[in-house]
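Student: need a structure here:
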Amino acid sequence: MTTITPDKLQEQLKNEENTKRKYITPVIEERWGKDTDHIVMEYYFTAGRVNIDGEKVSRGEQKKADYMLLYHNNTPLALVEAKGLEHSAMEGYQQVIEYATILDIPFAYSTNGIELIEQDMLTGLNNSDMKMNDFPYPEELWERYSKEKGLTAEDIKLINQPYYLDTSKADPKKPRYYQRIAINRVMEAIAQGKTRLLLVMATGTGKTFTAFQIVWRLWKAKIKRKILYLVDRNTLADQTMQKDFKPFVDAGVMRKIKAETIKKDTAYEVYTALYQQLKSKEKDYYKELPPDFFDLIIVDECHRGSASEDSTWHEILEYFASATQIGLTATPKETEDISNIGYFCSETDDKPIYTYSLKQGIEDGFLAPYRVISVELDIDEKGYIPKPGEVDIHGKPLENRIYEQKEFDRTIAIESRREAVARRITDYMKDNECRFAKTIVFCENIEHVDAMVLKLKNFNHDLVAENLKYVMKITGDDEIGKAELENFTDPNTQYPVIAVTSKLMSTGVDSETCEIIVLDKTIGSMTEFKQTIGRGTRINENFTIAGEKKSKLHFTILDFRKNYKKFEDPGFDGEPVSIANVDDTKKFPKGTPQEITTGENGATRHFEKAFVKGQAVNIEDEIVQYRDENGNLVRENIDSCVRNNILDQYPSYEAFYTAFRKSNDKNKFLDELLLSKEFIKKMQEQIGYHIDKFDIAALVGYKVPPISKEERLEKIKIDYIIQDLDSEKKAIIEAILNEYRTQDFSDLLEKKVFKLPVLQSMGYTPLMLNQVFDGRFEGYVELMRKIEGELY
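Tutor: Residues are numbered from 1 along each chain as shown. The predicted model follows:
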């Protein structure tokens, strides 16, 4: 493989830019219009993956197309990859096809300014007999595209309807590439008469903004006149109107439906509503509107029950069956009883019209990657075994059996385990100097939440004393806590810092600065697991907390229940498939009977939660993992482990250096810090010249530039200790020190050093060498210890 030097790379780029300026850009501008929005040069369509290496966070390279050509500003028609004049056009062919596939663009071109290769992505045909002067005009490509897609005049009118742009801003927000694909596919599907569509987009990728652009274009084109944005939580309805859908509110055409005024508010054109405002146990309020009142319904978070055939919510969708219905979700729900795909994808070959996954979002740099720290407690591994005749704190006898982890905080609450969890959360935040990092702690039920709030407050009493809202319970049954939800999610509001919840915050909450997700509940449903992890995936690179500028590019999952195994499930980030739905998230308040299936026959028995103090609980192991560039969960790399190991023991270089100087066994000291010989060997190979283990530790831990062993030797040879030796000792010591170039200094303190070939060639035997150093080997060691002190 040929290595391209930086100078060579710069020369190639310069040649490519010259070719574009002289031969490519003039032709494209002549055909597509100079100084227009139809030509996007150097189109960066990803943000660059966020890479984590211990404490170091960086962005990878962004993906860039040389030219993207648009028709009517909405529809990208062509992508062009440019190569320098001295290169073949074929060199850019594979890349432009790859990018055109990602960007969903129908025509791809590669050129060196003279040769031109065309790939029709719709028909699969290519043409390599073209020259740059044959580059097509927009009308020509649009005619080919329309014909190949079978578009009518009405279809074209709808597809070419512009996006909404806030012209009051210098740099108005525009759809990202995947949002544009989603919007355009929906527009095209509706133009073709499809009425049931599903969009699957990972949490944090802008589903609501995408929905707004769809609604805006359909509304402006007068294709859809009465539009409903349907949600199941009041916070979602308010967020919709206050943020993405605000242009409709400002225009005076949007209204939030209320049950008591549903008949009076029919003059508006865009509505948002809660299911609960349309149907209650007492009355079907939605039936006060005619079945054909809405001609477009967008169902947000449609996995949460709207597609269940026996759901009362499903009745609303069936009542307005004549409307085009679009489901939005990050996690399609597929069980025997509920099918988002079956309901919304009946007209699209049982597939979502577009899917943008968490894996792709992380790869593109639009979503935050994460580390997973699986904390394994001894009690979780062994279970809780009551003593004979043991009763709980209320005097209730405990069953004579092993209580397993899945029962903890459901059928039995063990105070010592809860304390161990709260202590580890606190220690993690202290150790990593992130005590003000927004944190969500997920518990099994409300009683568990209450207990965890109190324990976290005790462990963080110093910060609770500064502000009582440092730790807050935020659950559906607590009005005071729910009122703090907006403050928690506001990037610029400091408190609350730690939000303890059960289910309320697992979905539909824009917590873009959340840096820590704590899982102290067993999540059975893959849908809920995806949604819960999604609370941390948003990125915010510029916010201010308490006057301090911050950025959030990644997050950490502290998992106390082995939920991390779900990352290994193909259903976690693959195409939507049937997912077994295990409801492990019921609320079990104190004293409430619960059903637990036990025994080989699966018999169901009732229990009341038992409360015990429990024995001391210890952490048996912690597994640190992260998602690599292929989306696989892998163990944290050794570099990060070594760095963390050094910094955990010696936070500063000064502390490390002082401890090293005082150490009697410097080799053992360094081996304990650097963890493995494999790592030492790898570092020496990377650096390319021989360096001491001391320098490896200083480099990895504190980024101190390493000094070669050669430099250290030259320094010590002129030191007074060696210069003051008699000529015989000096010659022997210098011969031995030369071995330091390839060996550890500790090797030179062993008796076998007197058998070195270099000393034998000088005519010395071990016995003779002992005589040189006052008749004993220890005399030699004492001298070398003095030299070692000067070496560093």
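Student: now do the contacts for Leu85.
Tutor: Leu85 makes contacts with Asn15, Asn18, Thr19, Tyr23, Asn112, Gly113, Ile114, as judged by CB atoms under 8 Å, 6 or more residues apart in numbering. C-beta: built from backbone N, CA, C; applies to glycine.
Student: and if you look at Gln615?
Tutor: Contacts of Gln615 by CB under 8 Å, 6+ apart are Ile379, Ser416.
Student: for it, helix, strand, or coil?
Tutor: coil (DSSP: H, G, I helix; E, B strand; the rest coil).
Student: can you give me the separation between it and Lys387?
Tutor: 10 Å (CB to CB, to the nearest Å).
Student: return every residue with contacts to both of the two.
Tutor: Contacts common to Gln615 and Lys387, judged by CB under 8 Å, 6+ apart, are absent.
Student: center of the chain - which residue?
Tutor: Pro369 (2.4 Å; CA atoms, centre = their mean).
Student: that residue reaches His554, doesn't it?
Tutor: Yes: proximity of Pro369 to His554 meets the contact threshold set by CB atoms under 8 Å, at 5.2 Å.
Student: which residues are common contacts for those two?
Tutor: By CB under 8 Å, 6+ apart, the residues touching both Pro369 and His554 are Val50, Ile52.
Student: any idea of the mean pLDDT in stretch 524-539?
Tutor: Across stretch 524-539, pLDDT averages out at 88.
Student: distance between it and the chain's centre?
Tutor: In terms of CA atoms, centre = their mean, to the nearest Å, the centre of stretch 524-539 is set 11 Å apart from its chain centre.
Student: same question, stretch 784-792
Tutor: Using CA atoms, centre = their mean, the offset of stretch 784-792 from its chain centre is 48 Å.
Student: same check on stretch 768-788?
Tutor: The answer for stretch 768-788 is 58 Å, by CA atoms, centre = their mean.
Student: which parts of that stretch are buried?
Tutor: Neighbour-count burial for stretch 768-788 flags Leu769, Asn770, Val772, Phe773, Phe777, Tyr780, Val781, Leu783, Met784, Ile787, Glu788 (criterion: 16 or more other CB atoms under 10 Å).
Student: quick check, nearest of the residues you listed to Asp300?
Tutor: Glu788 (68.3 Å; CB to CB).
Student: how about the backbone phi and psi for the residue nearest to that closest one when sequence neighbours are not counted?
Tutor: Leaving aside its chain neighbours, Glu788 sits nearest to Phe745 (5.9 Å; criterion: CB to CB, 6 or more residues apart in numbering). Phe745 adopts backbone torsions of phi -60, psi -30, taken as degrees, to the nearest 10.
Student: kindly state the pLDDT recorded for Phe745?
Tutor: pLDDT, Phe745: 88.
Student: one more: the one 4 residues further on?
Tutor: According to the model's per-residue confidence, Leu749 sits at a pLDDT of 88.
Student: that one: neighbour count?
Tutor: 17 (other CB atoms under 10 Å).
Student: and if you look at the one 3 residues further on?
Tutor: Other residues within reach of Lys752 by the criterion other CB under 10 Å amount to 9.
Student: pretty sure the residue nearest to Glu788 is in contact with His690, am I right?
Tutor: No: the pair Phe745 / His690 is not scored as a contact, 12.0 Å apart, by CB under 8 Å.
Student: between those two, which one's more packed in?
Tutor: Phe745 (21 against 16).
Student: residue ranges in the stretch 51-200 of the chain under the pLDDT threshold?
Tutor: 53-56 (pLDDT under 70).
Student: the longest helix in the chain is where?
Tutor: helix 415-431 (DSSP state H).
Student: for Tyr177, give me its contacts.
Tutor: Going by CB under 8 Å, 6+ apart, the list of residues near Tyr177 reads Phe45, Thr46, Ile102, Leu103.
Student: that one and His461, how far apart?
Tutor: Tyr177 is 49 Å from His461, by CB to CB.
Student: quick one: least confident helix or strand in the protein?
Tutor: Lowest by mean pLDDT, DSSP states H and E among the helices and strands of the chain is strand 594-598, with a mean of 38.
Student: can you tell me the helix or strand for Asp621?
Tutor: strand 619-627 (DSSP states H and E).
Student: and that strand, what does it pack against?
Tutor: For strand 619-627, the contact count by 3 or more CB pairs under 8 Å, 6 or more residues apart in numbering; DSSP states H and E identifies strand 370-377, helix 378-382, strand 633-635 as packing neighbours.
Student: contacts for the second one?
Tutor: Just to be clear, that refers to helix 378-382. 405, 408, 414, 416-417, 560-562, 614-615, 617-620.
Student: surely Leu791 touches Phe745?
Tutor: Yes: judged on CB under 8 Å, Leu791 makes contact with Phe745 at a distance of 6.8 Å.
Student: now do the shared contacts for these two.
Tutor: Common neighbours of Leu791 and Phe745 (CB under 8 Å, 6+ apart) are Asp692.
Student: nearest residue to Arg49 other than its sequence neighbours?
Tutor: Gly60 (4.1 Å).
Student: identify the residues contacting that neighbour.
Tutor: Contacts of Gly60 by CB under 8 Å, 6+ apart are Gly48, Arg49, Val50, Asn51, Gly365.
Student: likewise for Ile736?
Tutor: With CB under 8 Å, 6+ apart, Ile736 has these contacts: Leu748, Val753, Leu756, Val758, Leu759.
Student: for Thr19, same thing?
Tutor: Contacts of Thr19 by CB under 8 Å, 6+ apart are Ala82, Lys83, Gly84, Leu85, Asn112, Gly113.
Student: please name the bridge partners of Ile373.
Tutor: Beta-bridge pairing of Ile373 under DSSP bridges involves Leu558, Val624.
Student: how far away is it from Phe408?
Tutor: For Ile373, the distance to Phe408 (CB to CB) stands at 19 Å.
Student: the two: which has the busier surroundings?
Tutor: Phe408 (27 against 20).
Student: can you list the buried residues in stretch 422-433?
Tutor: Within stretch 422-433, the residues scored as buried using 16+ other CB under 10 Å are Ala422, Arg423, Arg424, Ile425, Thr426, Tyr428, Met429.
Student: what's next to that stretch, contact-wise?
Tutor: Stretch 422-433 has contacts (CB under 8 Å, 6+ apart) with 373, 375, 435, 437, 439, 441, 452, 455-456, 458-460, 498, 516, 518, 556, 558, 560, 619, 648.
Student: can you tell me which of the residues you listed are classed as buried?
Tutor: 373, 375, 435, 437, 439, 441, 452, 455-456, 459-460, 498, 516, 518, 556, 558, 560.
Student: among those residues, which are located in helices?
Tutor: Of the positions in the buried ones among the contacts of stretch 422-433, Met452, Lys455, Leu456, Phe459 sit in helices, assigned by DSSP H.
Student: just how off-centre is stretch 353-371 within its chain?
Tutor: Worked out by CA atoms, centre = their mean, stretch 353-371 lies 7 Å from the chain centre.
Student: so where's the stretch 551-700 of the chain shaky on pLDDT?
Tutor: 574-607, 627-632, 636-638, 675-678.
Student: is Asn15 in contact with Glu86, as I believe?
Tutor: Yes: under the criterion of CB under 8 Å, Asn15 makes contact with Glu86 at 6.4 Å.
Student: which of the two has more neighbours?
Tutor: Neighbour tally, Asn15 and Glu86, criterion other CB under 10 Å: the higher count belongs to Asn15, 16 against 10.
Student: which non-adjacent residue is nearest the more buried one?
Tutor: Per CB to CB, 6+ apart, closest to Asn15 is Gly84, 3.7 Å.
Student: wait, a strand at that neighbour?
Tutor: No: secondary structure of Gly84 (three-state DSSP): coil, not part of a strand.
Student: ranges for the helices of the stretch 1-150 of the chain?
Tutor: 6-19, 25-32, 93-103, 138-149 (DSSP state H, counting those that start in this stretch).
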